[in-house]
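Visitor: Structure for the following, please:
(one chain, ligands or ions: 3)
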Amino acid sequence: MANVARIPDGKDKVTITLAPTWLETMLMTQFFTPCDHHPDMPRNERNLFCIDCSECSLAFCIYCRSNHHANHRIVQIRRSSYHEVVRVAEVEGLIDVKGVHTYIINSAKVFFLNERPQPKGIGAAAGKAAASPYFCEVCSRSLLYDFRFCSIGFRTTESKVRMAGV
Ligand SMILES: [Zn+2]
Ligand SMILES: [Zn+2]
Ligand SMILES: [Zn+2]
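Guide: Residues are numbered from 1 along each chain as shown. Ligands and ions are numbered 1, 2, ... in the order given. Okay, here's the model as predicted:
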């Protein structure tokens, strides 16, 4: 018997931590492309995302930031070995990051935005078993410490799974 009560409007009484819409948008946004508005500027890669304007869902560059987003909450996307990361300090408090693996990169604590492809095959499986007792609940990546997810992308995945009633 599932420990879930139905209330008349059909919604579960269980508290569900929904990922905010802007997070889903951010995870689908392509970053690090040159800004169309500033093609001739030296640092025109689009590595910023505005939480307060997220319905326009576009990444933008530092020059756009000073023009249009002066008082807005901005998250800067960074790159580590071709993977996109955000600093913990910039997103904690904005989203529920409990259970998400933090990594130290350039002496800053960061989260990975999305799952990273991992080597497949016998070697990888054997390595996994030996490496760590902790695994990501979604993609089974082995984790260094006792976290539940390898990236903040899985906050949204988990919400969807729970909403689907699984
Ligand atoms: Zn720009
Ligand atoms: Zn903005
Ligand atoms: Zn994972």
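Visitor: Determine the set of other helices and strands touching the longest strand along the chain.
Guide: Across the chain, the strand with the greatest residue count (assigned by DSSP state E) is strand 74-80. Packing partners of strand 74-80 (3 or more C-beta pairs under 8 Å, 6 or more residues apart in numbering; DSSP states H and E): strand 48-50, strand 83-87, helix 88-91, strand 103-105. C-beta here means a position set from N, CA and C on the backbone, and glycine is covered the same way.
Visitor: OK, contacts around V86?
Guide: V75, Q76, I77, R78, V110, F111, L113, I152 (C-beta atoms under 8 Å, 6 or more residues apart in numbering).
Visitor: I figured the third one was touching E45, is that so?
Guide: Same thing as I77. No: taking contacts as C-beta atoms under 8 Å, I77 lies outside contact range of E45: 9.7 Å.
Visitor: which neighbours do those two share?
Guide: With C-beta under 8 Å, 6+ apart as the test, I77 and E45 both reach F31, F32.
Visitor: returning to that earlier point: please check the contacts of V86 and keep the buried ones.
Guide: When these are checked for burial by 16 or more other C-beta atoms under 10 Å, the buried set is V75, I77, R78, V110, F111, L113, I152.
Visitor: who does the longest strand of the chain pair up with?
Guide: strand 48-50 (antiparallel), strand 83-87 (antiparallel) (DSSP bridges).
Visitor: need the helices for the chain, in chain order.
Guide: Secondary structure of the chain (DSSP state H): helices located at 21-28, 62-68, 88-91, 122-131, 153-163.
Visitor: which other residues reach the shortest one?
Guide: Yep, that's helix 88-91 we're talking about. V75, Q76, V97, T102, A108, K109, V110, F111, I152.
Visitor: Any buried residues in it, and which?
Guide: So for helix 88-91, counting by 16+ other C-beta under 10 Å, buried means V88, E90, V91.
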